[in-house]
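Enquirer: I'd like to go over a predicted model; first the sequence, then the structure.
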Amino acid sequence: MKRRRQHGAVFWLFLAPVLLAFLLVIVVPFFLGAYYSFTNWSATARAGETLKLIGLANYARILKDPSFLYSFLITAIYTVLNMIAINVASFGLAMLVTRALKGRNVYRASFFVPNLIGGLILGYIWQFIFNNAIPSIGTALGIAAWANPANLLLAKSTTALLAMVIVGTWQYAGYIMVIYVAALETIPHELIEASFIDGVSAWRRLRAITIPLTRQAFTVTLFLTLVNSFKQFDVNVSLTAGGPSAIFAGRPLYGTELLAMNIYNQGLRSNDMAGGQARAVVFFVVLVIVSVIQVALNKRREVEL
Amino acid sequence: MKTRYFTRLLGPEALAVALFIVFLFPFFIVLINSGKTPFEITQSPLTFPSDWAKIPQNMALIWTSPNVQYSSSFLSSVIITVVSLVLLNVLSSQAAWVLVRTKTRLSSGIFLMFVAAMVVPFQIVMFPLLSWFRELTVLTGIRLLRTYTGLILAYIGFGMSQCIFLFHGFIKSIPLEIEEAATIDGCRPAQTFYQIVFPILRPIHATVVVLNGIWIWNDYLLPLLILGKGNRVMTIPLAVSNFAGAYVKQWDLILTAILMAMIPIVVLFLVAQRSIIRGMVAGSIK
Amino acid sequence: MKRILFIVLAVALVGAAAFGQGLTLMQNKPEIDSMLKAYAAIWTKGGNVPMTIKSVGGGTNIDLGTQLRADYAAGDMPDIFVIAGIEDYKEWAAIILDLSGERWVKDTSVAFKTGGKVYGFPVAVEGWGIAYNADVLKKAGVDPKTLVSYAGYKAAFAKIDSQKAALGLKSVVSMAASIDMGWVTAHHNFNSLLSNGLPYGDLSVTNDLLAGKVDAKRLSEYADWVELLFKYADKAVLTTGNYDAQVGAFASGQAAFLHQGNWVDPNMAQAKVTFSMAFAPHGSMAKTTDGIFVAAPSFYVINKDSRNLAAAKKFLNDLVYTEAGNKYMVVDAGMIPAYKNINLKPSGQLSKSVQAWAAAGKVYSWNQYNFTNDFRDKTLAPIYNQFATGAITKAQFIDLMTTAFQGLKK
């Protein structure tokens, strides 16, 4: 039974269901999609249209399309901002929560809860908060800046992107915090105690002990925040719906349309499935390259330790 | 002892409490506004409702409203999540087991293929998936789109890579002697797996259930494409977006619907906090 | 273990059970969704196949077109769906059934026709102009009859604005220009540029723009009008408000004017509005334009591949020729019927206003559906939005619009 050298019935029987699902759901659509991206595939019933190969035309088109390039740009900006904000916030929270505070478990739970709610719902909640609750607080507390409708975060595309980072941070900080907590708790107590006795300042302790010993956690957290930010869709839909407009390369377009939404809209709203598919392929390639680079860089720094 | 607390920890404790309030503030807003009329909500979103009883009333309204289809969506979400989780668990673990225990090039090749698929984002397969599923429906006569079948199949397809990866790592650490003993006792391979190995995998089962459960319950894009909006079968996120994205935004009902959508998972979390957090940490670090 | 698997698979397969033999209708007016569903239930009970109604619409994000495309890709096209005009028709031409031989064709003058054949069943006659709160205008001393040109509106807005506090208003006009409400700006308001002041059915400006030719003077006057509306609008509603906020501002008496159509009548009824209101023309030109925009803007079409063609045709016929159908259309949904044989009249004030203008022959056509959804939503709507948030000036607005139209030249 163990260490067989041939594949018996059990092997295939046990493997069959997932293999079937894998082929049907991932392999076939993946290659089909690659093929479609070289055709004039679309999703409507125009009179007299048939599927035909058109080579790299779709790719050439999207690389010239301002909305795709803009989408790429702001997705990159959003990802970077989000990664910084989430990791700084969650690391801070982790440091806070690993102290001997009285309500430790309660705080930890409360920071974690937003992560349990789907991004879609979070986006609606925060849309309500940004558009209605904050101005209300502004009027109540006399903060004119908050009460002024011209200052609504979701009214301009730049601040709307910031709003998305705020929601993204609120959503993921707890989850990432938990990973940091697990890492922080593996730091040998003696080291910390020794540093106290030696009179080392908090900042030095952070730099010399805490951060180096949690490097492995950084690989994981940076990877997770990178991938999740890059693929963001749900919050995008509910919070900004592509957001206020912006001008890019002289063209007005949707100001907070991240890549995932750009792909979806291109395929289904603009009825350009081939173009949407080509964008998805580019999206995939970039994502793989960037995440591989990130993990490789992080792993190297881990080893250096 | 007391002085130590005051000097060293009072500051951080106060900060933690402040953050606690900031983090839970949005939920608080949802709660108090579920009990007001739409007019009250836009006028004074921060005050307590004048009539707390309105909250259960609104909840009952949402539960029975044919526009929101909440009760049927809730049931659908439960069925889809539970069935997907069970199938993912069983099918991935059994596949991982044979892959580990069969040391051939084909076996490692298949495993690598599964792992490589973990980087494939949904966007690149979502459009072809639609037309491919339609082809399959025509070829086999089994309706895949707009049904539970198709969605569950999709969840298994997308979730199995990570699950197999997790099980694979754990199974490698299970001593062969246990399984050999079972064979000597006369167990057939299937029995060995289901009766001996499967129970040992409990920690990974927990991780798999937690990670995938949260993902599937809250997922929006996959159901949006496979089930479509406003059709007979909807999941909770679809129902909420269908309702909340409509012309006439009745914030009182939308917020109530959101409240109701959050309650199951928050309750589950409060009950199983430790396992959930442990599961998510374990799953991510791998 | 295996038993559980079995049960689970059985449950999953049950979900794949064959779908019923009923009809599906997909439409894009969520405000009449509940009334239509109620009528569908009555119709089914009257000895017909089960009828399912799906309503999609609201923001430009989840519009009917997107849902139809997803359904088409899924092989799940509805039996009856809605098109708005020639561009929509072209998109679905391969599956739209020819309805020229239907009974109701002779009883309406606004069916959707192309290539000499009838394809679309007009859902209702709709109209819009600038809705005004007659009581507030009276108090402010503004005569609605002066609201027929840019100058007239400029004076009226300024006058009302100066008396805002006394009149209990937060702003003069309730206008929405967020991306989500792009249909208000890039579909409806845009039509002022296309047909205001022109004879009914005149497509000269439309065709010029489609060919990339821009009448600079007309566009400039139009830009003045847009600027005026944005200037006197409540900024919060303008930049982030949704339909509810925009209509609500007018219904609650916080704004004196509303940029919407007679389809808001059910909303007014729900808000228990007591003041009188009516429509005034758009003041998008320097000259007098004494008419509002009235047309049958959406049409039910039948899917050629439907498995229930006879039932689908019967559903449409019954809307026009049965008492229950007429009652639903006019009394419950408050729509103005497009059929000569129906004598019921809707009770909403704005619908009555539309009928008054139509009876006087003072109407202009709806031409915006000659432009693709994509163009209006993705190219025009952001331009309006930029202008509304103050990110661009009127001159830039004119430039961007001109560039957009010139880009249409193929």
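Expert: Nice, thanks for sending it over.

Enquirer: residue contacts, the residue nearest the centre of chain C?
Expert: What sits nearest the mean C-alpha location of chain C, by CA atoms, centre = their mean, is C:Pro297, with 6.8 Å. Listed by CB atoms under 8 Å, 6 or more residues apart in numbering or on different chains, the contact set of C:Pro297 reads C:Ala84, C:Gly85, C:Glu126, C:Trp366, C:Tyr369. The C-beta positions use only the backbone N, C-alpha and C, and glycine is treated the same way.

Enquirer: now these in JSON lines, please, with extra columns for secondary structure, distance to C:Ser220 and pLDDT.
Expert: Shown next, in JSON lines, are the contacts of C:Pro297 (DSSP: H, G, I helix; E, B strand; the rest coil; distance: CB to CB, whole Å; pLDDT from 0 to 100):
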{"residue": "C:Ala84", "secondary structure": "coil", "distance to C:Ser220": "28", "pLDDT": "85"}
{"residue": "C:Gly85", "secondary structure": "coil", "distance to C:Ser220": "27", "pLDDT": "84"}
{"residue": "C:Glu126", "secondary structure": "strand", "distance to C:Ser220": "29", "pLDDT": "89"}
{"residue": "C:Trp366", "secondary structure": "coil", "distance to C:Ser220": "23", "pLDDT": "89"}
{"residue": "C:Tyr369", "secondary structure": "helix", "distance to C:Ser220": "25", "pLDDT": "87"}
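
Enquirer: columns distance to chain B on top of the residues you listed, output as a markdown table?
Expert: Below are those laid out as a markdown table (distance: CB to the nearest CB, whole Å):
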| residue | distance to chain B |
| --- | --- |
| C:Ala84 | 16 |
| C:Gly85 | 20 |
| C:Glu126 | 15 |
| C:Trp366 | 19 |
| C:Tyr369 | 19 |
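
Enquirer: which pLDDT value belongs to the closest residue to chain B within the stretch 101-250 of chain A?
Expert: Among all residues of the stretch 101-250 of chain A, A:Gly118 sits closest to chain B, at 2.9 Å; criterion: CB to the nearest CB. In this prediction, A:Gly118 carries a pLDDT score of 82.

Enquirer: please apply the same query to B:Ser284.
Expert: Reading off the model, B:Ser284 has pLDDT 66.

Enquirer: equivalent analysis for B:Thr3, please.
Expert: On pLDDT, B:Thr3 comes in at 57.

Enquirer: for A:Thr221, same thing?
Expert: 86.

Enquirer: still on that earlier bit, can you confirm the residue nearest to the centre of chain C is in a strand?
Expert: No. Remark: C:Pro297 does not belong to a strand; assigned using DSSP: H, G, I helix; E, B strand; the rest coil, it is coil.

Enquirer: roughly how far does it sit from C:Asp71?
Expert: 22 Å (CB to CB, to the nearest Å).

Enquirer: so where is the stretch 51-200 of chain B shaky, pLDDT-wise?
Expert: B:66-67 (pLDDT under 70).

Enquirer: so which residue of it comes closest to chain A?
Expert: B:Gly157 (2.5 Å).

Enquirer: give the contact list for the nearest residue to that residue once chain neighbours are set aside.
Expert: By the measure of CB to CB, 6 or more residues apart in numbering or on different chains, the closest residue to B:Gly157 outside its immediate chain neighbours is A:Val25, 2.5 Å from it. Residues in contact with A:Val25 (CB under 8 Å, 6+ apart) are B:Val125, B:Leu129, B:Leu153, B:Ala154, B:Ile156, B:Gly157, B:Phe158.
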